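Enquirer: what shape does this take:
(2 chains)
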Amino acid sequence: ETGVTQTPRHLVMGMTNKKSLKCEQHLGHNAMYWYKQSAKKPLELMFVYSLEERVENNSVPSRFSPECPNSSHLFLHLHTLQPEDSALYLCASSQVGNRDNEQFFGPGTRLTVL
Amino acid sequence: GESVGLHLPTLSVQEGDNSIINCAYSNSASDYFIWYKQESGKGPQFIIDIRSNMDKRQGQRVTVLLNKTVKHLSLQIAATQPGDSAVYFCAENYGGATNKLIFGTGTLLAVQP
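Expert: All right, here's what the predicted structure looks like:
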C-alpha cells in the first residue's frame, strides 16, 4: 500500500461517544499533520508532529487529542464532540528538511456528529 | 496577518478552453508555493509547486506563475478537460521545523462539455 491512508472513511457519532481516527503514511516521512476541512473555509491546521514530537497545536479544543506512536502512524482521539465539529478530517505527511517540502494528503475521514 | 486568498470562488469553462485560477498571498517571506487539486470525496492532491527564486514553472498541461512584486500566484490549465473539474487550492509554505502550509479557501473549477 502506498501514500497516506486514513480509516475510517466515514464516521457518525453521538456527542457522548469516544472514537479515534487513524492515519498511516507509507512514504518514509518524518512529519505528520491533522487538518480540519469545513465547507467554504480554508483548510485549518490542527496539529503537527515532527520526529514524533508534537510541535504545533493550533488552539484546538481538548476534546481532540492527537497521538503519534511512531513516524508512520497518527491518531486523533475524539470525545464529547459538538455538532460543529462535523467536517472532513485530513491527515498529511511530509519530509521536513527537504528542499521541496510538499505535504501528501490522505483521503480524509468524513465525520458527522449528531 | 497571515492569509492566502483566491480571487474567484467558482470558475466555469468550456471543455478545451484554457483555465486560469488566481491566488493572492500576504507573507512576502514565504519561499515555496504549492497548488493542490481536490476532487469530490478525496484529499488534496499535489499538482505543481514553485519556489520564490522562479517566476514560472511548467508541468503537463499546467503552468504556475509567480509574481512576487504583487504577491500573486496563478495556475493555468491548458485544454481543460472534464477530469479537471475539482476545487483548486493554493498554499504557501513557511518551511522551518514544521513545513507549515497556509491554504486559501479554494476555487471550484467546473468544466462544461
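
Enquirer: now do residue 1, the pLDDT please.
Expert: Just so you know, I chose chain A. On pLDDT, A:Glu1 comes in at 51.

Enquirer: try again with chain B
Expert: Value for B:Gly1, per-residue pLDDT: 35.

Enquirer: cool, and B:Thr10?
Expert: pLDDT, B:Thr10: 89.

Enquirer: who's in contact with the closest residue to chain A within chain B?
Expert: Closest residue of chain B to chain A, C-beta to the nearest C-beta: B:Gly43 (3.6 Å). Every residue, glycine included, has its C-beta placed from N, CA and C. Shown in contact with B:Gly43 (C-beta atoms under 8 Å, 6 or more residues apart in numbering or on different chains): A:Val4, A:Gln6, A:Leu90, A:Ala92, A:Phe105, A:Gly106, A:Pro107, A:Gly108.

Enquirer: and A:Thr112, by the same measure?
Expert: Contacts of A:Thr112 by C-beta under 8 Å, 6+ apart are A:His10, A:Leu11, A:Val12, A:Met13, A:Ser86.

Enquirer: what's across from the fourth one in the sheet?
Expert: As for beta bridges, A:Met13 partners with A:Val113 under DSSP bridges.

Enquirer: what about it, how many neighbours?
Expert: Neighbour count of A:Met13, defined by other C-beta atoms under 10 Å in any protein chain shown: 17.

Enquirer: could you pull up the residues touching it?
Expert: Shown in contact with A:Met13 (C-beta under 8 Å, 6+ apart): A:Lys19, A:Leu78, A:Leu81, A:Leu111, A:Thr112, A:Val113, A:Leu114.

Enquirer: again with the third one
Expert: With contacts defined as C-beta under 8 Å, 6+ apart, the neighbours of A:Val12 are A:Leu111, A:Thr112, A:Leu114.

Enquirer: how about a cut-off of 7 Å?
Expert: Applying C-beta atoms under 7 Å, 6 or more residues apart in numbering or on different chains, we find A:Val12 in contact with A:Thr112, A:Leu114.
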